[in-house]
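K.L.:
predicted model and sequence follow; I will ask about them next.
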There are 2 protein chains.
Amino acid sequence: MDTTLSIAKRLEALGNPTRLSIYRALVRAGDGGLTVGALQERIRIPASTLSHHLRALVGVALVTQERQGTTLICRANYPVMNGLVVSAVSIPPSSP
Amino acid sequence: MDTTLSIAKRLEALGNPTRLSIYRALVRAGDGGLTVGALQERIRIPASTLSHHLRALVGVALVTQERQGTTLICRANYPVMNGLVVSAVSIPPSSP
DNA sequence: ACGGTATTTCCAGAAATATCGAATGATTGG
DNA sequence: CCAATCATTCGATATTTCTGGAAATACCGT
């Protein structure tokens, strides 16, 4: 019903260069994913900033997280991205 | 070279609910496109606000404009959107 | 040139985002 | 329990984005 909104939220999440870099790093990492620490080494931004961006990506389900002891593993959520792509490309029926 | 950036810019442009509505209205309109005025009737926002959003979409080439007398016809730029989708889905090689 | 319609630019205020150091919380191994 | 490591939250600032009324501009027909 609010398709447009959830699509926009995901696009907005990916629309920040830093967050897009994070997402792409996770795509590159594949199914193994990356810990927040590993991500920090690659992206090279302060931990707090990274944490905020990760929260945004997780909030729209583009990224999932799994605890493993003291570390957190982050993974790109492919099905959600595929759905987003389909939604973005397909011709919308009408409304908003 | 700045792939990530230009992708991010386009995603950001579509990441605003109002702009996404505008873009979708243009997709619905098809090859005929819509004048700015027609767009305003559908989206129902002040002309100046609409103009700002259109400028953003045109600025990243997701929308094209063609003058026709006193009116401006806006059209969704499909090739750019297709390119964006491909970029977003394909696994990036490395770097930022 | 004038009047009218279509659209953009100017301006400004409100709201949202991005950033990051410092403090805090969580979890495990010893 | 303590120390250590990994990560998040707090607090504060700087920057950007969004919004829309008013004024300006563009283009046509007469």
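P.N.:
Yes, it's here. Residues are numbered from 1 along each chain as shown, chains lettered A, B, ... in the order given.
K.L.:
if I look at A:Gly37, what pLDDT would I see?
P.N.:
If you check A:Gly37, the pLDDT there is 97.
K.L.:
let me fix that, I meant to ask about A:Thr4.
P.N.:
A:Thr4 carries a pLDDT value of 80.
K.L.:
element containing it?
P.N.:
helix A:3-14 (DSSP states H and E).
K.L.:
so for stretch A:47-67, mean pLDDT?
P.N.:
pLDDT averaged over stretch A:47-67 gives 98.
K.L.:
ok, and does it reach over to chain B?
P.N.:
No. Against chain B, stretch A:47-67 shows no contacts by Cβ under 8 Å from any Cβ of the partner chain, the least distance being 10.5 Å. Yep, even glycine has a C-beta here, placed from its N, CA and C like the rest.
K.L.:
follow-up on the earlier one: any idea how far the helix holding A:Thr4 is from the chain center?
P.N.:
Centroid separation for helix A:3-14 versus its chain: 11 Å, with Cα atoms, centre = their mean, to the nearest Å.
K.L.:
after it, next one along is what?
P.N.:
That would be, after helix A:3-14 and using DSSP H and E, helix A:17-29.
K.L.:
so is that following helix next to DNA strand D?
P.N.:
No. For helix A:17-29, no contact with DNA strand D is found by Cβ under 7 Å from any atom of the strand; the gap never falls below 10.4 Å.
K.L.:
next: stretch A:70-88.
P.N.:
Yes. For stretch A:70-88, a contact with DNA strand D is found by Cβ under 7 Å from any atom of the strand, at A:Thr70, A:Thr71, A:Leu72.
K.L.:
ok, of these, which come out buried?
P.N.:
A:Leu72 (16 or more other Cβ atoms under 10 Å in any protein chain shown).
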